[in-house]
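# sequence and predicted model, in that order:
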Amino acid sequence: MELRTPFHALKRAEEVERIVVKGGRRKYYRFRAAAFYGGLATADAVGCCFLCAYCWNLGRNLQPDRAGEFYSGEEVARILLDIARRKGFRQVRISGAEPILGRESFQHLLEILEVIRKEAPGTRFILETNGFMLGYEKDLVRELARFQRLLIRVSLKALEPEKFEKITGVQGKFYFYPLQALINLKEARAHFWPALMSEFFSSEEKQKLKDFLNQNQISPEIEEEELILYPSVEENLKNRGFKFLGDPKLRKGFCFQ
């Protein structure tokens with residue numbers, strides 16, 4: 001798959017889903033224990049409808065046909081629970097890609113959630129998502145809200161079309177769907193919170209997001225993630241036209257050229 005930006009988010013989601021989901025099985029390239037969120041078992045998937053400039057897994061998400069192996073939802077759940085039991089974790093997640101690309105990948109996710117709820121009801125599942133499909137298709141949110149141990153982390157990229165397009169590679173007209181996902185999740189009474197990459201949000205933009213949350217009666221708590229500047233990430237950022245601001249030794253603070 002070629003990276004030609006900007007692209008249509010929904011069309012790319014459909015195209016990627018056809019590659020990474022087959023007969024209810026989805027592609028994953030790694031299962032591991034991770035220290036994030038205090039420690040949890042992680043399944044690293046491939047395939048995303050965004051291609052963010054700072055994504056640590058961009059190479060695999062750009063060419064999802066070349067990475068990973070197919071696993072059923074039940075297999076994924078059992079591998080995650082096995083890692084969690086061995087490490088003493090009470091939480092699991094999917095990372096590295098977008099879990100929800102369409103109905104097929106969503107059904108795969110539901111299978112994972114159902115197995116975990118049945119076999120380890122006390123285990124928390126952290127769903128890391130870009131929020132596009134949850135903003136686009138409200139019915140998906142209602143189905144997820146059934147799972148009381150599911151926590152949904154919506155990663156916001158930008159608050160306006162031009163910046164959204166620059167970061168994600170997606171046509172700017174789709175910028176509002178992740179924000180709409182927050183509204184949909186709130187209305188469904190799901191457990192969720194917004195997250196952002198702090199180096200790409202000014203103090204004014206962070207305040208604008210807080211104002212949006214307040215206007216929609218959503219908790220103003222925002223997770224601020226710090227960029228890990230892997231060599232591949234640095235190269236991707238430069239290719240998209242980003243440059244450093246401030247002390248280059250700190251390797252923080254990006255802006256548009």
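Right, received. Where do you want to start?
# tell me where the model's unsure across the stretch 51-200 of the chain.
In the prediction, the stretch 51-200 of the chain carries no residues with pLDDT under 70.
# quick one: the helices in it?
For the stretch 51-200 of the chain, helices defined by DSSP state H, counting those that start in this stretch occupy the ranges 58-62, 73-87, 103-119, 132-136, 138-144, 161-168, 177-187.
# most tightly packed of the ones you listed?
Of the helices of the stretch 51-200 of the chain, the one with the most neighbours on average (mean count of other C-beta atoms under 10 Å) is helix 132-136, at a mean of 25. Every C-beta, even on glycine, is put in place using the N, C-alpha and C of the backbone.
# next, the contact list for the nearest residue to residue 168 once chain neighbours are set aside, please.
Leaving aside its sequence neighbours, residue 168 sits nearest to residue 50 (C-beta to C-beta, 6 or more residues apart in numbering; 4.3 Å). Shown in contact with residue 50 (C-beta atoms under 8 Å, 6 or more residues apart in numbering): 9, 98, 130, 132, 157, 168, 169, 170.
# ok, now with 10 Å
By C-beta atoms under 10 Å, 6 or more residues apart in numbering, the contact set of residue 50 is 7, 9, 12-13, 58, 61, 97-98, 130-132, 155, 157, 164, 167-170, 174, 178.
# is it true that residue 185 touches residue 144?
Yes - with contact defined as C-beta atoms under 10 Å, residue 185 counts as touching residue 144 (8.2 Å).
# these two touch, right, residue 167 and residue 158?
Yes - counting by C-beta under 10 Å, residue 167 touches residue 158, with 5.7 Å between them.
# which neighbours do those two share?
Taking C-beta under 10 Å, 6+ apart as the criterion, residue 167 and residue 158 both touch 175, 197, 200.
# which one of the residues you listed is nearest residue 227?
Using C-beta to C-beta, residue 197 is the member of the shared contacts of residue 167 and residue 158 that lies nearest residue 227, at 5.8 Å.
# which residues touch the closest residue to that closest one other than its chain neighbours?
Residue nearest to residue 197 in three dimensions, not counting chain neighbours: residue 225, with 5.3 Å by C-beta to C-beta, 6+ apart. Residues near residue 225 by C-beta under 10 Å, 6+ apart: 36, 54, 153, 155, 195, 196, 197, 198, 199, 200.
# pull out the buried members of the residues you listed.
By neighbour count, with 16 or more other C-beta atoms under 10 Å, the contacts of residue 225 hold 54, 153, 155, 196, 197, 198, 199, 200 as buried.
# my guess is the last one contacts residue 240. True?
Read that as residue 200. No - using C-beta under 10 Å, residue 200 is not in contact with residue 240; the gap is 11.3 Å.
# so what sits against both of those two?
52, 53, 54, 166, 167, 254.
# pick out the most distant pair among the residues you listed.
Distance extremes for these: the farthest pair is 52 and 254 at 12.4 Å, using C-beta to C-beta.
# shared neighbours of these two, anything?
Residues touching both residue 52 and residue 254 (C-beta under 10 Å, 6+ apart): 167, 197, 200, 240.
# how much space is there between the third one and residue 176?
Okay, so that is residue 200. With distances taken as C-beta to C-beta, to the nearest Å, residue 200 is found 17 Å from residue 176.
# give me the pLDDT for residue 248.
Residue 248 is assigned 52 on the pLDDT scale.
# which residues touch residue 151?
37, 91, 93, 124, 125, 126, 127, 128, 190, 191, 192, 193.
# which residues does the third one contact?
In this case it means residue 93. 34, 36-37, 40-44, 80, 99, 124-128, 151, 153.
# can you flag the buried ones in these?
For these, a burial check counting by 16+ other C-beta under 10 Å picks out 34, 40-44, 80, 99, 124-128, 151, 153.
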